[in-house]
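Turn this into a model:
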Amino acid sequence: MGKIESQFIATELPGNGGESAEQRVWDAVRRSFRHRTCLAYWRYPIFSQTGKTRKEPDILIADRQWGLFILEVKAIAIDRILRIHGHQWQLQNFYATQINPYQQAENQLNAIVQYCDAEPLLQGSVTARVGVALPQIDREQWQQRGFDRLPSAPPILFSDQLTETETFLEAIAAIPVLRHGNPSTPEQRRS
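Numbering: from 1, shown residues only. All right, here's what the predicted structure looks like:
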C-alpha cells in the first residue's frame with residue numbers, strides 16, 4: 001500500500017462573522033480526510049480569465065478517489081431562515097435577506113472545472129460535487145421546519161455530522177455527483 005498524502009491549506013481569512021462556523025467545518029475536513037489522498041483548501045481564490053470576477057469557495061477538497069468538492073458554509077441559525085424557494089433562501093436578522101448558497105457553490109465549482117478542462121491531461125476527467133454546510137443547524141431542526149421535504153433541498157452537512165469522522169465521510173460521500181469525470185488515465189484518453 002502506497003503512502004497516503006493529504007495536505008490542508010488555510011489561506012488568509014477575511015475577518016467576517018462566519019469564521020467560527022467555517023473553522024468547525026474545516027476541522028472536520030482535516031480530521032476526516034487526513035488518511036485520504038487529497039488536497040483541501042479553506043478559502044481558495046479563483047480569478048476569472050478576464051480578471052473581472054473572483055470566486056472563493058469556503059472549502060475546496062480535491063480527493064483522489066472522490067474528485068472535487070465545494071462546501072459553501074453558512075453560519076446561520078435555523079430561526080433566521082424564513083423560507084426556501086428553489087435556490088433562493090429568504091432570511092431575517094442576517095447579513096442579507098436572500099442567499100443562494102447551493103447556486104453559489106455550483107458557480108464556484110464551474111469556475112474550477114473550466115480551469116481543469118483547459119488542461120489536456122485533466123480535460124473531462126474531473127468528478128465534481130457541491131454541498132452546503134450548516135454548522136449551527138442539526139438535522140432534526142432542519143426536518144422540523146420541513147426543509148428536507150422540499151423538492152429543491154440541496155445536499156446539506158449539518159452540525160451533528162461534523163463531530164465523528166465516519167459520519168462526516170458518509171455525509172460527504174452521499175453528496176450527489178454534479179459532473180461525472182472519465183476515470184481513465186491520461187494515456188488511455190490520448191489513445
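
And the residue nearest the centre of this protein?
Leu71 (1.6 Å; C-alpha atoms, centre = their mean).

Next up, the contacts around that one.
Contacts for Leu71 (C-beta atoms under 8 Å, 6 or more residues apart in numbering) come out as 25, 29, 57-61, 105, 130-133, 157. Quick note: C-beta positions are derived from backbone N, CA and C, even for glycine.

for Val25, same thing?
Neighbouring residues of Val25 by C-beta under 8 Å, 6+ apart: Asp58, Ile59, Leu71, Val73, Ala133, Pro135, Leu157, Leu162.

Once you drop chain neighbours, what's closest to the last one?
The shortest distance from Leu162 to any non-neighbouring residue, by C-beta to C-beta, 6 or more residues apart in numbering, is to Ala28 (4.3 Å).

ok, and for the helix or strand harbouring the one you found, which residues are buried?
According to DSSP states H and E, Ala28 maps onto helix 19-33. For helix 19-33, a neighbour-count test (16 or more other C-beta atoms under 10 Å) marks Glu19, Ala21, Glu22, Gln23, Arg24, Val25, Trp26, Ala28, Val29, Ser32, Phe33 as buried.

one step back: surely the residue nearest to the centre of the chain is within a helix?
No: applying DSSP: H, G, I helix; E, B strand; the rest coil, one finds Leu71 to be strand, outside a helix.

what is it paired to in the beta sheet?
Beta-bridge pairing for Leu71 (DSSP bridges): Ile59, Gly131.

what ranges do the helices span in the protein?
19-33, 101-117, 139-144, 165-173, 186-190 (DSSP state H).

now the first one against helix 165-173, angle please.
Counting by axes from the mean of the first three to the mean of the last three C-alpha atoms, to 10 degrees, helix 19-33 points 100 degrees away from the direction of helix 165-173.

Now do the same for helix 19-33: mean pLDDT, whole number.
Helix 19-33 carries an average pLDDT of 92.

Please compute how far it lies from its chain's middle.
Its chain's C-alpha centre and that of helix 19-33 lie 12 Å apart, by C-alpha atoms, centre = their mean, to the nearest Å.

Can you list the low-confidence ranges for this protein?
1-4, 12-18, 47-54, 183-191 (pLDDT under 70).

mind running it again at 80?
Counting by pLDDT under 80, the chain contains low-confidence residues at 1-4, 6, 11-18, 45-55, 183-191.

Next, count neighbours for Arg139.
16 (other C-beta atoms under 10 Å).
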